[in-house]
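S.K.: let's see this in three dimensions:
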Amino acid sequence: MSYKWKGTRTQTNLLEVRKLTKFVSLKGPSERWRILRRRKDAPIVFDVSFEVKKGESFGIVGLPGCGKSILAKIISKQVLPTAGSVLLEGRDIFYEVEDVELQKSVKTIFSKESRKIDRSEVHSVSLLPARIVGLTGLDEPSSEDLKRVKSELAFALASNPKLIIVGEYLNTVDSEDFLKIQGILAEAKEDFDLTYLFIQENLEIVNAVCDRFAVMFRAQIIEKNVSSKPDLKPLHPFTQMLYNYNTTGKFEIETALIHGISRLKPFERVRGCDFFHLCRHWMDICKNEKPRLYEEGDDVYVACHMFGYPREKAG
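M.R.: The predicted structure is shown next:
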């Protein structure tokens, strides 16, 4: 049995991310006879925009290094952006929301930095959250993964948050525990009127627990507002590749495209589409022009020239 909690209670945006960008300074190639090295600014999050409606579960999915974890840290104000804004209920978290209020309203759970909570600390959790996540039955048999999930969620719920960012720890749990965690998150969402933002590298998990999701590749969103469904049909070639990988366990890359992987250097910006080196559908325009997000109906957007170029050429 798989728990689902589809559908939003309202169309009001709880979270709005607008043109968010984060640059880091990198050292250039070393030069034998020079003491100083050239430095350049490289984006780890670039021009990212999306909205999360109040009461929904929204996902950000992508491979390690795509920028999704830094994006989550910016939204929780652990990292400051270079440009752009993050609005929580219409207020900019960097200028209009006090840190104390934000810490209560936005909680991050199941991340790599999450502290393991000891059982002796359970008494400090309010009784209602503890009862919801099953912490009152401490003598019942439960895996270590499930214990950690229950503890972290109970402590997060104690401040009555508006948004919970769910990290990538869910990737490590087995299928039986995952179903139980789905049920726990769904019940907490209903009882506490929560909104979830899932940060994941597994597209199957996002498709199982989210109402909608966006896909990141090399610091940018390349597909967004995709509605989760059992017969998911990804549009962007990278999303298709990621979906096949999560379902089959391997990337389906043609031998002729293998050379493209070595050409994709971390943080390096390319002239055209960032993905064209790995895409079997590339056209000449892909090498020279970066695609914008083309609307594909139902507010779904795809950054791929296959969806925009034929129309623009015809028009």
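S.K.: which residues of the stretch 1-150 of the chain score low on pLDDT?
M.R.: For the stretch 1-150 of the chain, the stretches with pLDDT under 70 are 1-11, 27-40, 112-142.
S.K.: can you give me the helices in it?
M.R.: Secondary structure of the stretch 1-150 of the chain by DSSP state H, counting those that start in this stretch: the helices cover 68-75, 99-105, 127-133, 144-157.
S.K.: let me have these in a markdown table, adding distance to Phe23 and mean neighbour count as columns.
M.R.: Every C-beta, even on glycine, is put in place using the N, C-alpha and C of the backbone. Formatted as a markdown table, those follow (distance: least, Cβ to Cβ, whole Å; neighbours: other Cβ atoms under 10 Å):
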| stretch | distance to Phe23 | mean neighbour count |
| --- | --- | --- |
| helix 68-75 | 11 | 23 |
| helix 99-105 | 23 | 14 |
| helix 127-133 | 39 | 18 |
| helix 144-157 | 31 | 22 |
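S.K.: dump these to JSON lines, plus distance to Asp193.
M.R.: Conversion of those to JSON lines gives the following (distance: least, Cβ to Cβ, whole Å):
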{"stretch": "helix 68-75", "distance to Asp193": "19"}
{"stretch": "helix 99-105", "distance to Asp193": "12"}
{"stretch": "helix 127-133", "distance to Asp193": "13"}
{"stretch": "helix 144-157", "distance to Asp193": "11"}
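S.K.: closest one to Leu185 among those helices?
M.R.: The closest of the helices of the stretch 1-150 of the chain to Leu185 is helix 144-157. By Cβ to Cβ, the value is 7.4 Å.
S.K.: could I have the CA atoms of that closest one written out in PDB?
M.R.: The C-alpha coordinates for helix 144-157 follow below in PDB (Å, rounded to 0.1, in the frame of the first residue of the first chain):
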ATOM      1  CA  GLU A 144      17.000   2.800  13.500                       C
ATOM      2  CA  ASP A 145      15.900   4.600  10.400                       C
ATOM      3  CA  LEU A 146      12.300   4.800  11.500                       C
ATOM      4  CA  LYS A 147      13.400   6.000  15.000                       C
ATOM      5  CA  ARG A 148      15.400   8.800  13.600                       C
ATOM      6  CA  VAL A 149      12.600   9.900  11.300                       C
ATOM      7  CA  LYS A 150      10.100   9.900  14.100                       C
ATOM      8  CA  SER A 151      12.400  11.800  16.500                       C
ATOM      9  CA  GLU A 152      13.300  14.500  13.900                       C
ATOM     10  CA  LEU A 153       9.700  15.100  12.800                       C
ATOM     11  CA  ALA A 154       8.400  15.300  16.400                       C
ATOM     12  CA  PHE A 155      11.000  17.900  17.300                       C
ATOM     13  CA  ALA A 156      10.200  19.900  14.100                       C
ATOM     14  CA  LEU A 157       6.500  19.800  14.800                       C
END
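S.K.: next SSE after that helix?
M.R.: strand 163-166 (DSSP states H and E).
S.K.: what's the mean pLDDT across stretch 208-225?
M.R.: The predicted model assigns stretch 208-225 a mean pLDDT of 94.
S.K.: next up, the contacts around the spatially closest residue to Val226 that is not a sequence neighbour.
M.R.: Sequence neighbours aside, Phe213 is the residue nearest to Val226 in space, at 5.5 Å (criterion: Cβ to Cβ, 6 or more residues apart in numbering). By Cβ atoms under 8 Å, 6 or more residues apart in numbering, the contact set of Phe213 is 58-61, 198, 206-207, 224, 226, 228.
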